[in-house]
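Turn this into a structure:
(one chain, ligands or ions: 2)
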Amino acid sequence: MTGPDNLDQRMTDAGIPPRFRSARVADLTGPLEAFARCHLHDKAREGVGVWLFGAYGCGKTHALAAFAAHLLQAGLRVEWADWFWLFRALRSLGDYGATAAQALQVSRTAPILFLDDFGKPGDVQRETALLFEIVNHRYNHRLPTFFSCNAGPDQLFGPGRGNPDPAGAIWDRFGECVEAVGMKETSRRRAAA
Ligand SMILES: Nc1ncnc2c1ncn2[C@@H]1O[C@H](COP(=O)(O)OP(=O)(O)OP(=O)(O)O)[C@@H](O)[C@H]1O
Ligand SMILES: [Mg+2]
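Numbering: from 1, shown residues only. Ligands and ions are numbered 1, 2, ... in the order given. Got it, this is the predicted structure:
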């Protein structure tokens, strides 16, 4: 069964938060919509994901959820995690038992992984070190990852950061496994207020 109710259930099962479960590619405009319609399945099947970046409130999480819906509709399996949940579970706070094991499992085995909000924890050095572990594993296994972040990958990991530095290794792998898509819009939250 592939009706809308079934899609909503699959988005729920994938971990997509309630606010974004109605997001669809039809909501997107311009390059984002074209990218989703033309490239998403093929890229994902090749192990290539996306790094979506732009200002607070410009619609990154909404767009990621729309991408996830599009892939689910095509019968692919996706999993969604907030980066700061993953980061905290694996690196800093809280319960290192079941939560950390779950986080590790998700980060390594999700066929297509959506990671929302890289950089929000505000600990760039430790986030980058953890990201390298995840990116390297997923790159080796051709498992695509879809990110959102306020900054572009060149700003965070691009040339000039020097080696040895996991940023340089992330940047280099992204050449094969991540496409960067910048969003120019300003905050929709403020526009709606
Ligand atoms: N294309 C769209 N159509 C309709 N509503 C949208 C669209 N894009 C975003 N929104 C709405 O605008 C608000 C902000 O979007 P969203 O949460 O995706 O921003 P964001 O870029 O992820 O921000 P942040 O960096 O703060 O996480 C949300 O209420 C979202 O549902
Ligand atoms: Mg967001």
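
Near the residue of the chain found nearest ligand 1, how many residues? Count them for me, please.
Using C-beta to the nearest ligand atom, residue 59 is the residue of the chain that sits closest to ligand 1, at 2.9 Å. C-betas here are computed from N, CA, C, even on glycine. For residue 59, the count of nearby residues is 23 (other C-beta atoms under 10 Å).

what do you get for residue 86?
Other residues near residue 86 number 27, with proximity taken as other C-beta under 10 Å.

Give me the phi and psi for it.
Main-chain dihedrals, residue 86, degrees, to the nearest 10: phi -60, psi -50.

and the helix or strand harbouring residue 42, what does it pack onto?
Using DSSP states H and E, residue 42 sits in helix 30-45. Contacts defined by 3 or more C-beta pairs under 8 Å, 6 or more residues apart in numbering; DSSP states H and E place helix 30-45 against strand 49-53, helix 60-73, strand 178-182.

quick one: it to chain centroid distance?
Offset of helix 30-45 from its chain centre (C-alpha atoms, centre = their mean, to the nearest Å): 14 Å.

could you redo the helices and strands packed on helix 30-45 as CSV and give each row mean pLDDT and distance to residue 148?
Below are those laid out as CSV (pLDDT from 0 to 100; distance: least, C-beta to C-beta, whole Å):
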stretch, mean pLDDT, distance to residue 148
strand 49-53, 98, 5
helix 60-73, 98, 4
strand 178-182, 96, 10
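
JSON lines for these, including mean neighbour count and distance to residue 166?
Listed next are the helices and strands packed on helix 30-45 as JSON lines, based on neighbours: other C-beta atoms under 10 Å; distance: least, C-beta to C-beta, whole Å:
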{"stretch": "strand 49-53", "mean neighbour count": "24", "distance to residue 166": "16"}
{"stretch": "helix 60-73", "mean neighbour count": "23", "distance to residue 166": "23"}
{"stretch": "strand 178-182", "mean neighbour count": "17", "distance to residue 166": "15"}
